[in-house]
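Asker: Build me a model:
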Amino acid sequence: MPPHPSLEAYLRRATRGLWGKERRLVRAELEGHFHLRVDELCLSGLSPEQAALQALAELGSPEAVGAGMRGVYLLPRLWPPLGLLGLLLSLALLWPKALPAVGAIPWQLDAPGTALPTLVGLEAVSAELEQQGVQIGRIRIWSVDLVELPLPSGSLFARVVLQNDREYLPFDDLVRSAAQAGLSFRLSGWDHPVLQVGGITLRLRGPVDPYSVYAYLARRSVLGVQAGPSLFRSRGPCAYRLRVGDPPGTVYALLLPQARPEVGIGPDGAIQPALEPRVADVAPVTAGGWLTLHSRSLEPDLSRALLVRMSGEAEAGQMGYQAVQPGPIKNLGCSR
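Answerer: As a prediction, this is how the structure comes out:
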């Protein structure tokens, strides 16, 4: 799917003079950082369009970025580390200063009404991955610390955040990095999520709440990367229950229509992006095959709702899904 129209023009100008693998690498990194920054700006209260414009402005002049990248990639290929360093330095302004965080449990962002992402301890992650043959690299750009997980299929990047003088990695960063790099990966479980990518396995010692990362994957894979960034809103006050019969831990997304367009399925079985549905909630199946979903509306039009079963398997950064016709739905009421 093509990137944001304004971003596409920026990418063409920034990669002018680069070819083949180098052009694809620069495009992928710029686009990945753009979408990551848009997500963060939306969390701060900007609209998706405002966030996109500000993220592009923070990238800087495409001609300046392009000149720097041409200088890097036209150097002898015997110096590949300079390419990574040059790219990261060119993107330094995109990265915000470290946000307030707490590790291994919720990331305490100053964003009322949003689901709090999960953090994992850097020391614990480093020790676990070292046993699997992966040595974490570390890069500091101005006031921002980054880590790189070099995998055979491609590298993952994540910010380092501090809480009570301890260092943590946002779990969402690792998953988004894999998705935006177009890697194949598997994410399973809810209370104790497991991420498998590039031959490594990262198990979270929870319990944690992976709502935000599954909301991101549902929006990206089901609605497409141009449907707007995930705002990671917390669940609405109105609850609905139905039985789906899947094993506990299977993740579903609830799609509700926007004002007029109806949610529907195309001839190929894929959800039609033109119908502009929205992801109202994501939730796991519990014991007995029960699924409890939430909405912000007192009376959502459930006759036009779609349930989407997330496969947990991602190919080229896109998680597979299956649209499911909802069975009988019980209204559990709303709490205020």
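Asker: what's the following helix or strand after the helix or strand bottoming out on mean pLDDT in the chain?
Answerer: Sorting the helices and strands of the chain by mean pLDDT, DSSP states H and E puts helix 80-90 at the bottom, at a mean of 45. Downstream of helix 80-90, the next assigned helix or strand under DSSP states H and E is strand 119-121.
Asker: what packs against that next one?
Answerer: strand 166-170 (3 or more C-beta pairs under 8 Å, 6 or more residues apart in numbering; DSSP states H and E). C-beta here means a position set from N, CA and C on the backbone, and glycine is covered the same way.
Asker: Quickly run through the sheet partners of the strand it packs on, with directions.
Answerer: strand 119-121 (antiparallel), strand 161-163 (antiparallel) (DSSP bridges).
Asker: closest to residue 310 out of the ones you listed?
Answerer: Proximity to residue 310 (C-beta to C-beta) singles out strand 119-121 among these, at 21.2 Å.
Asker: Can you tell me who residue 150 pairs with across the strands?
Answerer: Per DSSP bridges, the residues bridged to residue 150 are residue 155.
Asker: Now do the SS call for residue 130.
Answerer: helix (DSSP: H, G, I helix; E, B strand; the rest coil).
Asker: Nearest residue to it in space, ignoring adjacent ones along the chain?
Answerer: residue 136 (7.7 Å; C-beta to C-beta, 6 or more residues apart in numbering).
Asker: follow-up on the earlier one: what's the least confident stretch among the strands paired with strand 166-170?
Answerer: Ranked on mean pLDDT, the bottom entry among the strands paired with strand 166-170 is strand 161-163, at a mean of 80.
Asker: got the domain boundaries for this protein?
Answerer: 1-95, 97-209, 218-334 (automatic domain parsing).
Asker: Just say which of the strands paired with strand 166-170 is most tucked in.
Answerer: Stretch with highest mean neighbour count among the strands paired with strand 166-170: strand 119-121 (a mean of 23; mean count of other C-beta atoms under 10 Å).
Asker: In three-state terms, label residue 173 for me.
Answerer: The three-state assignment at residue 173 reads helix, by three-state DSSP.
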